[in-house]
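**Student:** Take this sequence and fold it.
(2 chains)
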Amino acid sequence: MQENKQLITIKGTRDGLTLFIDDSCSFEDVFIELNGKLTENHSKKDEPTVHVTVKLGNRYLTAEQAARLRELIGKENRFRVQSIESNVVPRDKALSWMEDSEVKPINRIIRSGQVLDVKGDLLLIGDVNPGGKVVSTGNIYIMGSLRGIAHAGVNGDRDAVIAASYMKPSQLRIADYISRAPDYESDGVYMECGLIDEKQDKIVIDRLQVLSHKRKDLNGFERRINNG
Amino acid sequence: MGEAIVITSGKGGVGKTTTTANIGTALALMEKKVCLIDTDIGLRNLDVVMGLENRIIYDIIDVIEGRCKLKQALIKDKRFDYLSLLPAAQTSDKSASTIESMKKIITELKQEFDYIIIDCPAGIEQGFQNAVAGADKAIVVTTPEKSSVRDADRIIGLLEKKDMDPPSLIINRIRNHMMKNGDMLDIDEIVHILSIDLIGIVIDDDEVIKASNNGEPIALNPNTRVSISYRNIARRILGETVPLQSLEDEKGMFYKVKKFFGMRS
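**Tutor:** Predicted coordinates for the structure are as follows:
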């Protein structure tokens, strides 16, 4: 039955080829058909490499299957797999995405010597005392005084921000940037946030209001999904 | 059934032993049966501050290792019957006692005494863990210095993990003129950072050093401001509501009257 039905549809676009793979047949069938298609259309040697986007529909590929597919398509250096897209996400990955983009409310005081480490955004209702540290993979919002260390975007998200009701941190860290308090005694600031300024290439502290235009996608769930 | 209160601070030299001696004395003056325990094994001081050094025969390690009964090791205070002291050993070190043995001693003492005040060693190691093991409550002592407040914060963090009520705070060695000038952390700032209940403030006074050198807890002398402070703390421990006076008012009515007549500068 499957013989008379096309398992693979190829479409040419401006950016290269898109392979639509039927999602109701077995992976082995796809593999065989794709292999056949690739060998029968033997083209001239000096053609430039063509970028290929693979669309899987509702099919899920394991890492091993994806690797085999990439290897097959890229075998003769004529094609290069740009991306493999699928409508399906495994449960655990989806959960970890959700964890990464959730806001975690935590109600306690982070005292000297204590470290609070969360995945996703942190909403701390309480203070971070000197010597205490809060770490998150996303943004950090503190309803209280930040007097210790805050590290946002610990996995490398440079768009992460740190906001606090009262800011007098000993250090602010965002992704791989670090800034520290000045050596002279200074007063803290109320309702401000720390974020990476691209132009100055460092962490700056600014009023909370600037977030609405500097970090427009702060409320976006999809931001971190798209960033992977 | 008595209550065990541990006096701790993290940092050394902020006045844990002095506080223990004076709170114990103040509670005993209010006719509560009090037992002081010195858990600073190897560096005992509480007996010296209480002026009971010469009377030590057995110590807490003798009790733990079964060389004597608990009752035999307790020293009755020479001034009044309500107060007893369980001294630390000077020859062993902190590994000689364990959490279980401390709990056992404190449970036994609770049968007989109303309050058991435990003097904790400095630091956060085994000695600290032993000292807080049997306590129902903790009082954290700090001075208005950054380093001391930092350590108090750490200690509070550790105490919060234990199964006991939230600790209370004593700010010790306050120098009013420095606080006014802003050279010292002020009380509100300290309480704000540590965010626990303040149970008392004690000013820095030469009399305290003098008294502890004489082996007489200053709480016995009702004419000093420090003594009043400790008595107020004791009253708060008993559940009375004693207003926290401002540093000026802490001097007391008598002082004001004297000042009014120009008897003191």
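**Student:** What residues does the closest residue to chain B within chain A make contact with?
**Tutor:** Of all residues in chain A, A:R111 sits closest to chain B, at 3.6 Å by C-beta to the nearest C-beta. Bear in mind the C-beta positions are built from the backbone N, C-alpha and C, glycine included. Contacts of A:R111 were listed using C-beta atoms under 8 Å, 6 or more residues apart in numbering or on different chains, and they are A:129, A:131-132, B:153-154, B:156-157, B:160.
**Student:** can you list the weak-confidence ranges in chain A?
**Tutor:** Scanning chain A for pLDDT under 70 picks out A:1-5, A:41-47, A:219-228.
**Student:** still on that earlier bit, would you turn the contacts of A:R111 into CSV with neighbour count?
**Tutor:** Formatted as CSV, the contacts of A:R111 follow (neighbours: other C-beta atoms under 10 Å in any protein chain shown):
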residue, neighbour count
A:N129, 26
A:G131, 19
A:G132, 24
B:D153, 29
B:R154, 20
B:I156, 24
B:G157, 21
B:E160, 16
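**Student:** The residues you listed: which two are farthest apart?
**Tutor:** A:G131 and B:E160 (14.9 Å; C-beta to C-beta).
**Student:** Can you tell me the closest non-neighbouring residue to the residue of chain A closest to chain B?
**Tutor:** Nearest non-adjacent residue to A:R111, counting by C-beta to C-beta, 6 or more residues apart in numbering or on different chains: B:G157, 3.6 Å away.
**Student:** Wasn't the one you found part of a helix?
**Tutor:** Yes: judged by DSSP: H, G, I helix; E, B strand; the rest coil, B:G157 forms part of a helix.
**Student:** I figured it hits A:G113, correct?
**Tutor:** Yes: with contact defined as C-beta atoms under 8 Å, B:G157 reaches A:G113; the gap is 5.9 Å.
**Student:** Against B:I190, how distant is the residue in the stretch 101-250 of chain B positioned nearest to chain A?
**Tutor:** Nearest residue of the stretch 101-250 of chain B to chain A: B:G157, at 3.6 Å (C-beta to the nearest C-beta). B:G157 sits at a distance of 16 Å from B:I190 (criterion: C-beta to C-beta, to the nearest Å).
**Student:** Same check on A:V118?
**Tutor:** Taking C-beta to C-beta, one finds A:V118 at 29 Å from B:I190.
**Student:** With neighbour numbers in mind, choose between these two.
**Tutor:** Per other C-beta atoms under 10 Å in any protein chain shown, whichever of A:V118 and B:I190 has more neighbours is B:I190, with 25 against 20.
**Student:** what packs against whatever helix or strand the more buried one lives in?
**Tutor:** Per DSSP states H and E: B:I190 is located in helix B:187-194. Where contact means 3 or more C-beta pairs under 8 Å, 6 or more residues apart in numbering or on different chains; DSSP states H and E, helix B:187-194 is packed against strand B:137-142, helix B:146-160, strand B:168-174, strand B:197-203.
**Student:** Out of those, which one sits most buried?
**Tutor:** Highest mean neighbour count of those: strand B:137-142, a mean of 25 (counted as mean count of other C-beta atoms under 10 Å in any protein chain shown).
**Student:** and that one, does that touch chain A?
**Tutor:** No: between strand B:137-142 and chain A, judged by C-beta under 8 Å from any C-beta of the partner chain, nothing touches; the nearest distance is 11.4 Å.
**Student:** How about the residues of chain B by chain A?
**Tutor:** For chain B, the residues in contact with chain A (C-beta under 8 Å from any C-beta) are B:146, B:150-151, B:153-154, B:156-158, B:160, B:192-195.
**Student:** Same list (the residues you listed) but as TSV, adding pLDDT.
**Tutor:** TSV is the format used below for the residues of chain B next to chain A (pLDDT from 0 to 100):
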residue	pLDDT
B:K146	92
B:R150	94
B:D151	95
B:D153	95
B:R154	95
B:I156	95
B:G157	94
B:L158	94
B:E160	92
B:H192	93
B:I193	93
B:L194	95
B:S195	93
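**Student:** Return the member of these nearest to A:E185.
**Tutor:** Of all the residues of chain B next to chain A, the one with the least separation from A:E185 (C-beta to C-beta) is B:K146, at 10.8 Å.
**Student:** Between the two ends of stretch A:111-121, how far is it?
**Tutor:** 20 Å (C-alpha to C-alpha, to the nearest Å).
**Student:** any idea which element B:P166 lies in?
**Tutor:** Of the helices and strands defined by DSSP H and E, none includes B:P166.
**Student:** nearest spatial neighbour of it, skipping sequence neighbours?
**Tutor:** Spatial nearest neighbour of B:P166, excluding adjacent residues (C-beta to C-beta, 6+ apart): B:I196 at 5.9 Å.
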